[in-house]
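[1] Compute the structure for the input listed below.
(2 chains)
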Amino acid sequence: QSALTQPASVSGSPGQSITISCTGTSSDVGFYNFVSWYQQRPGKVPKLLIYEVTYRHLGVSDRFSGSKSGNTASLTISGLQADDEADYYCNSKTSSTTWAFGGGTKLTVL
Amino acid sequence: VQLLESGGGSVQSGGSLRLSCAASGFTFGNYVMSWVRQAPGKGLEWVATINGRGVDTFHADSVKGRFTVSRDNSKSTLFLQMNSLRAEDSAVYYCTKDAFGGIVTNDFDVWGQGTLVTVSS
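    Next comes the predicted model:
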């Protein structure tokens, strides 16, 4: 069981926007600004999209954005494209010495 | 920038394995390095992290006391010593690099291709 909770799946049509949530507690997501997001396409290694809650990694499309409110971090993908179909994972610092990933969210582009 | 893992394989429950990760294309000693694993068909799990100088190490509760992360900066190589292996340790183990030098942020910007560890009971 992951310390961070993500929806198992989300879906959207091309051109739409979707948001994936990552819910923790006041001791992890709510306390630290070390939340990152990763995209993993089938058969590929994960790719860093967002770090420290809101910063886009080099070369990442500005269609991807991150935010946080209270104990929940969110990844928003705007202008959905077929190529965005993948698994998405959040990662957060959970204590002074530990980190954890969320369980992952499968994004389906309809 | 490249990370190349090795050392995976099949082992019986209770056995040991030592994973290695050879790094190239960047100043290895300037970066925090980590191991992340993924069981077949499952999600990502953070395993262990070590700072650039190798002084500070961090391990997930699920492997604490059984796994040890270390590094040899003179050889640009990261290691994971895995003892008392269990069936639930079966996974692809990825070597990862932090995006930024300095403090531990665990923003993993470079990933190796992974090495498969299979533990049979």
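[2] element containing the residue lying closest to A:Thr19 once chain neighbours are set aside, please.
    Using CB to CB, 6 or more residues apart in numbering or on different chains and skipping the chain neighbours, the partner closest in space to A:Thr19 is A:Thr76 (4.7 Å). Just so you know, the C-beta spots here come from the backbone N, C-alpha and C atoms, and that holds for glycine as well. In this assignment (DSSP states H and E), A:Thr76 forms part of strand A:72-77.
[3] any low-confidence regions in chain B?
    The model of chain B has no residue with pLDDT under 70.
[4] for chain A, what are the nearby residues on it?
    Counting by CB under 8 Å from any CB of the partner chain, chain B comes close to chain A at B:36, B:43-46, B:49, B:58, B:60-61, B:94, B:99, B:105-109, B:111-114.
[5] My guess is B:Ser20 contacts B:Met33. True?
    No - between B:Ser20 and B:Met33 there is no contact under CB atoms under 8 Å: 11.9 Å.
[6] neighbour-wise, which of those two wins?
    For B:Ser20 versus B:Met33, neighbours defined as other CB atoms under 10 Å in any protein chain shown are more numerous around B:Met33 (27 against 17).
[7] what's the distance between the more buried one and chain A?
    With distances taken as CB to the nearest CB, to the nearest Å, B:Met33 is found 13 Å from chain A.
[8] pretty sure that residue is touching B:Gly101, no?
    No - in this structure, B:Met33 is not within contact of B:Gly101 by CB under 8 Å, at 11.3 Å.
[9] so what does the longest strand seen in chain A touch, helix or strand wise?
    Identified as the longest strand of chain A according to DSSP state E is strand A:86-93. Strand A:86-93 sits against strand A:18-23, strand A:35-40, strand A:72-77, strand A:99-101, strand A:105-109, strand B:44-50, with contacts defined as 3 or more CB pairs under 8 Å, 6 or more residues apart in numbering or on different chains; DSSP states H and E.
[10] Check which residues of the first one are buried.
    Of the residues in strand A:18-23, those buried under the neighbour-count criterion (16 or more other CB atoms under 10 Å in any protein chain shown) are A:18, A:20-23.
[11] between those, which is nearest chain B?
    A:Cys22 (12.3 Å; CB to the nearest CB).
[12] ok, the closest residue to the closest one other than its chain neighbours - contacts?
    Once flanking residues are discounted, A:Cys22 sits nearest to A:Cys90: 3.4 Å by CB to CB, 6+ apart. Neighbouring residues of A:Cys90 by CB atoms under 8 Å, 6 or more residues apart in numbering or on different chains: A:4, A:6, A:20, A:22, A:35-38, A:73, A:75, A:101-102.
[13] partners of A:Cys90 in the sheet?
    On the basis of DSSP bridges, A:Cys90 is bridged to A:Trp37.
[14] Quick one: mean pLDDT over the longest strand of chain A.
    The average pLDDT for strand A:86-93 rounds to 98.
[15] now whatever helix or strand A:Leu49 lives in: mean pLDDT?
    Assigned by DSSP H and E, A:Leu49 belongs to strand A:47-51. Mean pLDDT, strand A:47-51: 98.
[16] Would you tell me whether it gets close to chain B?
    Yes - contact between strand A:47-51 and chain B, assessed by CB under 8 Å from any CB, occurs at A:47-48, A:51.
[17] Just name the closest of those to chain B, please.
    Among the residues of strand A:47-51 next to chain B, A:Tyr51 lies closest to chain B (CB to the nearest CB), at 3.9 Å.
[18] The closest one pairs with what?
    Beta-bridge pairing for A:Tyr51 (DSSP bridges): A:Tyr55.
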